[in-house]
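structure, please.
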Amino acid sequence: MLYFYYNNSADEHTIRALSSPPHTIDKKTSIKVTKRIRSNTDNNHNLKLTLYQYQSCPFCCKVRAYLDFKGLSYDIVEVNSVTQKEIKWSSYKKVPILSCRIGDKEEVQLNDSSVIISCLETYFLEKPPNQSIEKVALYYPSYEVKNVKGKMVMQFENKYSIMYGADKKVPDDQQKVQRWREWTDNMLVHRISPNIYRSPMEAYDTFQVFAKEIFGTFHTNLIVIVGSAAMYFVGKILKRRHKLPDDVRDSLYEACNEWCRNISSTDKTSKEQKKDTIFSPKFTKNTTLEKEIFYGGKEPNLADLAVYGVLNAMEGTAAFSDVLNHTPIARWFYAVKSEINSRAGKRLKDGDVDKYAGSDDVIVGGKAGSSVG
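Next comes the predicted model:
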């Protein structure tokens, strides 16, 4: 089955004590890497990152957008959403999970997409970093809360905060960036599944888009038929849960328009410059960087990357096409995509290491498809 977002609200009263220091990973069995991302701009050769994910998960898309924007090399382990055998070693069972190892030290496990991004952003504030990943992770302690259904769910302190320290000036827009990152997790993401699975036909078409990226041809037909039927009903459940309007597209348009109004206050591009490109995906690096069209100004910041990552989970679907045609978000979206793609590493699958050997790519480690740990 493909990923869907099912929220466990944690507004309630029972809190279990703060967790112990960040988990170090002691995997008893080897885990096969699905693909490797290698960047020739990555200077952090002692930092080994492994992302455990569902390919179509908006939260995983958000972490990949950050890692690619930073030009980091990392491995990907695709988690089976039914058996979850790839993360049986972890007591935390949601993806994304990022394991981090520096040199020969133990791997440190980071959980939650926003915590992963905040932790890495804090870690890279100093060049070279002067704190260990394990020490930085202590800034983001976790605790358990009983939700409205009586289930214990994990929560994280400071998940949207970057720890600048006493010797660094906190950016003026820090609180605004935190607010928009939280808005992405708590509002925007809830519009995704009800929209991409809005009708039986849209659910079927969406599964075709996603399944081809993940599964072989033999499995695709069965997965699409069974999975799309199930996800159509899941979409209806999520629509009711989040009190979305009868036509859920309206809620998605409203969210995208809200984001566009937010970034318009930072966009210094003239109306004439916008005219020919506002709905155009044909961006080059030059046309992007000459204009301050990001919330971060001349380049995307963490709010830009969060919103982009969640919307990127829809790319290729009818819902995504409708968003491009009914809101002014295309110009910003493809500008962020251009920035990310210009920094991202190469995607290496089984057998591709030899193909890329001798190129400008930095090929780290053994053969693609070897085991982690």
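
can you give me the strands for the stretch 51-200 of the chain?
Assigned by DSSP state E, counting those that start in this stretch, the strands in the stretch 51-200 of the chain fall at 74-78, 97-102, 107-111, 142-146, 152-156.

give me the distance between N130 and Q178.
Counting by C-beta to C-beta, to the nearest Å, the gap between N130 and Q178 amounts to 24 Å. Where you see a C-beta, it was placed from the backbone N, CA and C, and this is true even at glycine.

so which of these two has more stuff around it?
Comparing N130 with Q178 by neighbour count (other C-beta atoms under 10 Å), the higher total belongs to Q178, at 19 against 10.

okay, that one: pLDDT?
According to the model's per-residue confidence, Q178 sits at a pLDDT of 97.

ok, P128 next?
The predicted local confidence for P128 comes out at a pLDDT of 78.

now render the strands of the stretch 51-200 of the chain as CSV, adding mean pLDDT.
Written out in CSV, the entries for these read as follows (pLDDT from 0 to 100):
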stretch, mean pLDDT
strand 74-78, 95
strand 97-102, 93
strand 107-111, 94
strand 142-146, 91
strand 152-156, 91
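
got the domain boundaries for the chain?
Listed by automatic domain parsing, the domain ranges of the chain are 15-172, 198-243, 257-355.

lowest average pLDDT across those?
Ranked by mean pLDDT, the domains of the chain bottom out at domain 198-243, with a mean of 70.

could you work out the end-to-end span of it for me?
Taking C-alpha to C-alpha, to the nearest Å, domain 198-243 runs 14 Å from one end to the other.

circling back: can I get the strands of the stretch 51-200 of the chain in TSV with mean neighbour count and distance to Y334?
What follows is these, written out as TSV (neighbours: other C-beta atoms under 10 Å; distance: least, C-beta to C-beta, whole Å):
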stretch	mean neighbour count	distance to Y334
strand 74-78	22	24
strand 97-102	24	27
strand 107-111	23	30
strand 142-146	17	36
strand 152-156	16	32
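
neighbours of V33, how many?
Using other C-beta under 10 Å: V33 sits among 22 other residues.

tell me the spacing between it and Y74.
Taken as C-beta to C-beta, the span from V33 to Y74 is 10 Å.

what's the offset of stretch 86-98 from the middle of its chain?
16 Å (C-alpha atoms, centre = their mean, to the nearest Å).

neighbours around Q175, how many?
Applying other C-beta under 10 Å, we find 12 other residues in the vicinity of Q175.

same deal with P141?
Counted with other C-beta under 10 Å, the neighbours of P141 add up to 17.

quick one, phi/psi of it?
Dihedral angles of P141 (phi, psi; degrees, to the nearest 10) stand at phi -70, psi 150.

what about it, distance to P245?
Distance check for P141 against P245: by C-beta to C-beta, it reads 38 Å.

and if you look at R198?
12 Å.

having no further points to raise, I will conclude here.
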